[in-house]
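Novice: Dropping a prediction and its sequence here:
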Amino acid sequence: MELKKLAVQELYVLTELFDYNNVEQMISECTHDIQNGIIDIFVLYDKDVLIGELHVMYESDDENYAIRGRRAYLFAFRVREDFQNKGYGTYLLKTVLTVLKEHGYCEFTVGVEDDNFRAIHMYQALGFDEILLRKQEEYQGDAYEYNLYLRR
């Protein structure tokens, strides 16, 4: 397995894991954020097969989510369906957390919808046990409501 940061010119591969309503918008937004150091997108490959992705935001207008150098917000965490429940997601998450710790981050946040029981269980097992807030937002016409969990 290989973990790497996705380069801007590789963003199109994310469509293998998620059906975006507007691919061009996603690529434009991610390109801007990567080029400005706001996010990184970590991907996990097994040979040539994209297994999963995890986006990391380093700064936010809302410090509940991210504070550069201290708190990182993890989002868009996806694992291919045929690789789920085999430890790949946990491996991806733990490996990214290790990389972030090596860069000085000591707090991590993640938003989880109430009906995503497997994700809630995994995050809680990894120390995401404090709920900071309840949030509603919309992305590309889809509405999401979730709890923002914190791991210190």
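Specialist: Here it is on my side, so go on. Residues are numbered from 1 along each chain as shown.
Novice: quick one: buried residues of the longest helix along the chain?
Specialist: Longest helix in the chain by number of residues (criterion: DSSP state H): helix 88-102. Going by neighbour count (16 or more other CB atoms under 10 Å), the buried part of helix 88-102 is 88, 89, 91, 92, 93, 96, 97, 100. To be clear about C-beta, it is placed using only N, CA and C from the backbone, and glycine gets the same treatment.
Novice: Please report the distance of residue 101 from residue 72.
Specialist: Distance of residue 101 to residue 72, given as CB to CB, to the nearest Å: 10 Å.
Novice: Then residue 12?
Specialist: For residue 12, the distance to residue 72 - CB to CB - is 25 Å.
Novice: could you pull out the strands for the chain?
Specialist: In the chain, the segments counted as strands under DSSP state E are 2-5, 39-46, 49-57, 71-79, 107-112, 130-139, 142-151.
Novice: show me what contacts the residue positioned nearest the centre of the chain?
Specialist: Central residue of the chain (CA atoms, centre = their mean): residue 75, 2.8 Å from the mean position. Going by CB atoms under 8 Å, 6 or more residues apart in numbering, residue 75 touches 55, 57, 110, 111.
Novice: ok, now with 6 Å
Specialist: Shown in contact with residue 75 (CB atoms under 6 Å, 6 or more residues apart in numbering): residue 55.
Novice: picking up where we left off before, which among the buried residues of helix 88-102 gets closest to residue 65?
Specialist: Relative to residue 65, the closest of those is residue 100; by CB to CB it sits at 14.2 Å.
Novice: Against residue 106, how distant is the closest one?
Specialist: Counting by CB to CB - residue 100 and residue 106 are separated by 9 Å.
Novice: Residue 44 now?
Specialist: Residue 44 is 23 Å from residue 106, by CB to CB.
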